[in-house]
Structure formats: C-alpha cells, structure tokens
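> Output the structure for:
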Amino acid sequence: MSSIRGETVALDTNVFIFALRKEPDYPACETLLFDKLAALQVYMSLQIFLELQRNLTASEMRRVARALTMAQAVTWDYVPARMDLIRQWEQRGAKKGDAAIAAHLEGAAIRYLVSENRDFLKELPALPFTVLSSEEAVALRQLYHSLSRRQEAWPSKYDSMTVLLMSSSWAYGVAWLATLFSLGLHLRQGSAGLMSAAATGRSPN
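As a prediction, this is how the structure comes out:
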C-alpha cells in the first residue's frame, strides 16, 4: 500500500462524526482529524458536506471548519455528482448516499477515501479508489514520517539506492570485518611463532 502523502484524500461523514463525538470504538478518527490533518490534502464533496449539515450541530460544524483549516489544502466541490455516475453505482449495488459519494470521487479522480463504512468494500468490490479506515490512514502517515526521518539521517551524498545497498549489506560487512580481523590475528600469531622457533631451534607446534 502506497503512502497517502501528496494525494488528495476524501474523509467520509462518519470520520468527522466519530472524531467530533470521540467515539470510543474509532479513536483514530479523532487522531486523524485533529492531529494528522496538516499532512493531508482534503477533498470535500457536496454529498459529504450535506450529510455533515444534516447530522452535526452548528457548533460541531464550526469545529469541522476549524479542523479543515489545518490541512495542507482543501478542495470544496459544490457541484452535484453526475446523475449517470450515480445511477451506475446504484446499479452496481451501492446505497443512494454511497452511490453519490462514489460518483463524486470517480468524477474528481480522487484515489483515497477514509471511511469506517465497510459497505463500500462489501457492496462494491471494484472501486476506482482505495477505501482506508482511519486507523490505516494514520498508520500510513506515521510510516511515511518515520521513513522520511530515517532517510534524512543519512549523509546527503548517498542516494536512496546507495542507502538501501548499505543497509542490506551491513550485517555481511560486519561479518567480513570480523573474519579478516580474526585471520590477521592468526597470521600475526603464526609469524611470531615462526620467529621464535627460528631463534630457539624448535617447532612452533
């Protein structure tokens, strides 16, 4: 699974609701919305925006707006989804709201949807976008951050391939050094024995 960094990501309605209301079964929703959004570009479709308005209080909507200001960028898509795409997704088995969201994402070429709605995966196996849980999205972000910090720790003169080769051969290099050191030690001890034997007239054995 590739990193979502640099990609425009859609957050489903349930992610916002679970985050705002601190749903105990989905703690990663709160982490994603309030701690990790600065690393993401967010796509807000008309369907999801209308669902938020129907399900959230005015105070909660203001918190959504404040949270979104922390994102790298937000694309507000106020254009209704194409009806032909909605009908196509309904014919494939999607519920009405899910069909509209799928149509929005397909029309805008969005590659990732973060959702706790497993119906997207159960009903629609051939989606043009990847559905991630909030936990998976947070894990991907943390993985990218960890890899980035490791790469920055290497000297800049090494490119990524050199670093990879150095990393994969490190254990072998240590083993070779140990072998060479041991061989050199035995050679020095053998030379010393021969010199002592020549001086005393007896075999080093």
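
> which residues in this protein form strands?
8-11, 41-45, 73-77, 112-114, 130-132 (DSSP state E).

> Counting by contacts, list what the third one packs against.
So that's strand 73-77. strand 41-45 (3 or more CB pairs under 8 Å, 6 or more residues apart in numbering; DSSP states H and E). Every C-beta, even on glycine, is put in place using the N, C-alpha and C of the backbone.

> ok, back up a step: could you save the strands of the chain as TSV and add columns showing mean pLDDT?
Formatted as TSV, the strands of the chain follow (pLDDT from 0 to 100):
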stretch	mean pLDDT
strand 8-11	96
strand 41-45	97
strand 73-77	97
strand 112-114	95
strand 130-132	93
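
> among the ones you listed, which is nearest residue 101?
strand 41-45 (6.3 Å; CB to CB).

> List the buried residues in that closest one.
For strand 41-45, burial by neighbour count (16 or more other CB atoms under 10 Å) applies to 41, 42, 43, 44, 45.

> returning to that earlier point: in JSON lines, list the strands of the chain along with distance to residue 97.
JSON lines is the format used below for the strands of the chain (distance: least, CB to CB, whole Å):
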{"stretch": "strand 8-11", "distance to residue 97": "14"}
{"stretch": "strand 41-45", "distance to residue 97": "11"}
{"stretch": "strand 73-77", "distance to residue 97": "16"}
{"stretch": "strand 112-114", "distance to residue 97": "13"}
{"stretch": "strand 130-132", "distance to residue 97": "15"}
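
> out of the ones you listed, nearest to residue 120?
strand 130-132 (4.7 Å).

> before we move on, back to that, nearest to residue 25, out of the strands of the chain?
Of the strands of the chain, nearest to residue 25 by CB to CB is strand 112-114, at 15.7 Å.

> List the strands paired with that closest one, with their directions.
Listed by DSSP bridges, the sheet partners of strand 112-114 and their directions read strand 8-11 (parallel), strand 130-132 (parallel).

> now these in TSV, with distance to residue 120 and mean neighbour count?
Formatted as TSV, the strands paired with strand 112-114 follow (distance: least, CB to CB, whole Å; neighbours: other CB atoms under 10 Å):
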stretch	distance to residue 120	mean neighbour count
strand 8-11	11	24
strand 130-132	5	19
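
> Serialize those strands to CSV and add fields for distance to residue 94.
Below are the strands paired with strand 112-114 laid out as CSV (distance: least, CB to CB, whole Å):
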stretch, distance to residue 94
strand 8-11, 15
strand 130-132, 12
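
> nearest to residue 57, of those strands?
Closest among the strands paired with strand 112-114, using CB to CB: strand 8-11, at 18.5 Å.

> So what touches that closest one?
With CB atoms under 8 Å, 6 or more residues apart in numbering as the test, strand 8-11 has contacts from 32-33, 40-45, 48, 73, 75, 101, 104-105, 110-115, 129, 137.

> List only buried entries from those.
32-33, 40-45, 48, 101, 104-105, 110-115, 129, 137.

> hey, where'd the helices end up in this protein?
Secondary structure of the chain (DSSP state H): helices at 13-20, 27-35, 46-55, 58-68, 83-91, 96-107, 119-123, 134-153, 160-168, 170-200.
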